[in-house]
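Trainee: dropping a prediction and its sequence here:
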Amino acid sequence: MRTPAWWPIARWEFIKVLTRKDFYISLLLTPLLLLGTGVLAGLLGRAASSGSRVAVVWPAGVRDTLPSAPRVAWTYAAGAAAQRAALDAQLDARTLDAVAFVPPGFTHGEPVELLLRRDSQRLVNTIESSLRRVARAHRAQAMGIDTAAVTLLDDSVHVRAVLHAKATGSSRAERLTALGLLAIFFVIHFATLAYMMTGVAAEKAHRVTEVIVSAVSAQTWIDGKLVAYVGLGALQAAAYVISAIACAAVWRFEIPPIGSPFFIFTAVTLTLLGLVFYSALTAAMMATLKDLQTTQSMNSTFMWLPFFSLVFIGPALDHPDLPWLTAVSMLPPFSPMLTPTRMALGGVSAWEAWATIAVMAAAAWWMRGVAGHAFRVAMLMYGKDVSLPELVRWAREK
């Protein structure tokens, strides 16, 4: 079987990036840092599991116990131990984190004085919630109401949600998978486009283009680059997925199902096609720039282009099946991000998913051709930026 003409270029580009130290920093150290941070956070959380220590001084005649609260240890000061000076000394000695002086009229709105060793709104909310439950029980007793009846009144209503038999998607597993793929797409998008920008800019700055186009066609050149950089993006995505599974194993998280096979196929296919589309767009624009200074000015424009999809995420979360969202999701710049999100929320039918894949594939193929035309002409032009109308005219040429 004959080796494709673009294969040597793809292999050379792939190995070139693999020999860069910063690639391994992003590929290996980033997951290790995330895993190490999570492990450290868990160890620190267990070390601080004793929680806050709060002393409560009840008014005369009240001897009550506050309901249990997460990460709070209650103590009830009485006698000489309830004197303010003694409690202040414990706060200074850090044996207490807070002291609550409950007045006789706390059930009628008289404020509770709370001394804090450090500012903590979470602790304030916890103490206030616990005292509110005690005050409710005292009010019910004063009014002759059974506290059990008050508890029943406050009891929540339990809802069991069941999907309609004909509902599509909308499972928790698919929502989590869509969110994970969205995050991975943005990460590999930044990394891949950065390598593409650096490589094309260096080739043009060092004037090696004449040598390359004398050996292979411009389209073969860009095809090799696209295969190499999309492969690098897939390698990074695989590394992040494996790291996530390793983190779940270390933290003993239960790994949920990842969704239906059709959903996974659609999401992964659109992610790869989106990577081809944006890589080809970046290569085409980089070929038209005259120097590295112009390159820096273009980074912020094209590397952030996929983030415009986030404008539509809000409406998609509330009403994923809106007709105008269907139209926007089929636009190639937005399809890799919007369609999997809407699909996970049950807003995409099977025909729409196939149509979106077809449109995205056609757009990626067309952008590949545009990039090839740009490489054929613009990479040989030095000292001059190419305008957008010129690039469009080249794309129409045979």
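Mentor: Sure, I can see it. On a predicted model such as this, the values are computed, not experimentally measured, just so you know.
Trainee: list the contacts of residue 269.
Mentor: Going by CB atoms under 8 Å, 6 or more residues apart in numbering, residue 269 touches residue 357. Glycine gets a C-beta too; all of them are placed from N, C-alpha and C.
Trainee: per-residue pLDDT of it, please?
Mentor: At residue 269, the model reports a pLDDT of 90.
Trainee: for it, helix, strand, or coil?
Mentor: Recorded secondary structure, residue 269: helix (DSSP: H, G, I helix; E, B strand; the rest coil).
Trainee: next: residue 54.
Mentor: Residue 54 - assigned by three-state DSSP - is strand.
Trainee: I'd like to know which helix or strand in this protein has the lowest mean pLDDT.
Mentor: Least confident helix or strand of the chain, by mean pLDDT, DSSP states H and E, is helix 292-302 with a mean of 53.
Trainee: beyond it, next helix or strand please.
Mentor: With elements assigned by DSSP states H and E, the helix or strand that comes after helix 292-302 is helix 313-318.
Trainee: can I get that following helix in PDB, CA atoms only?
Mentor: Coordinates of each C-alpha in helix 313-318 appear next as PDB, following Å, rounded to 0.1, in the frame of the first residue of the first chain:
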ATOM      1  CA  ILE A 313     -24.900  28.300  26.400                       C
ATOM      2  CA  GLY A 314     -27.300  30.100  28.800                       C
ATOM      3  CA  PRO A 315     -30.300  29.900  26.400                       C
ATOM      4  CA  ALA A 316     -29.300  26.300  25.600                       C
ATOM      5  CA  LEU A 317     -29.400  25.300  29.200                       C
ATOM      6  CA  ASP A 318     -33.000  26.600  29.600                       C
END
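Trainee: ok, and what's touching it?
Mentor: Contacts for helix 313-318 (CB under 8 Å, 6+ apart): 322, 325, 337-338, 341-342, 345, 347.
Trainee: may I see the buried residues of it?
Mentor: By neighbour count on 16 or more other CB atoms under 10 Å, the buried set for helix 313-318 is residue 316.
Trainee: please, where are all the helices along the stretch 101-250 of the chain?
Mentor: Remark: helices assigned in the stretch 101-250 of the chain by DSSP state H, counting those that start in this stretch are 121-142, 147-154, 172-205, 209-213, 218-251.
Trainee: surely residue 335 and residue 329 touch.
Mentor: Yes: in this structure, residue 335 is within contact of residue 329 by CB atoms under 8 Å, at 6.0 Å.
Trainee: could you break this structure into its assigned domains?
Mentor: The record's domain parsing of the chain by automatic domain parsing lists 51-149, 170-396.
Trainee: so for the shortest one, mean pLDDT?
Mentor: Here domain 51-149 scores 84 as its mean pLDDT.
Trainee: same deal with stretch 340-356?
Mentor: Stretch 340-356 shows a mean pLDDT of 83.
Trainee: list the buried residues in it.
Mentor: For stretch 340-356, the neighbour count (16+ other CB under 10 Å) marks 340-348, 352-353, 356 as buried.
Trainee: same question, stretch 9-28
Mentor: Those would be 9-10, 13-14, 17, 23, 26-27, for stretch 9-28 by 16+ other CB under 10 Å.
Trainee: got the residues you listed as CSV, with pLDDT, distance to residue 54 and secondary structure columns?
Mentor: Converted to CSV, the buried residues of stretch 9-28 look like this (pLDDT from 0 to 100; distance: CB to CB, whole Å; DSSP: H, G, I helix; E, B strand; the rest coil):
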residue, pLDDT, distance to residue 54, secondary structure
9, 79, 68, helix
10, 82, 64, helix
13, 79, 62, helix
14, 80, 60, helix
17, 78, 56, helix
23, 74, 51, helix
26, 69, 45, helix
27, 70, 47, helix
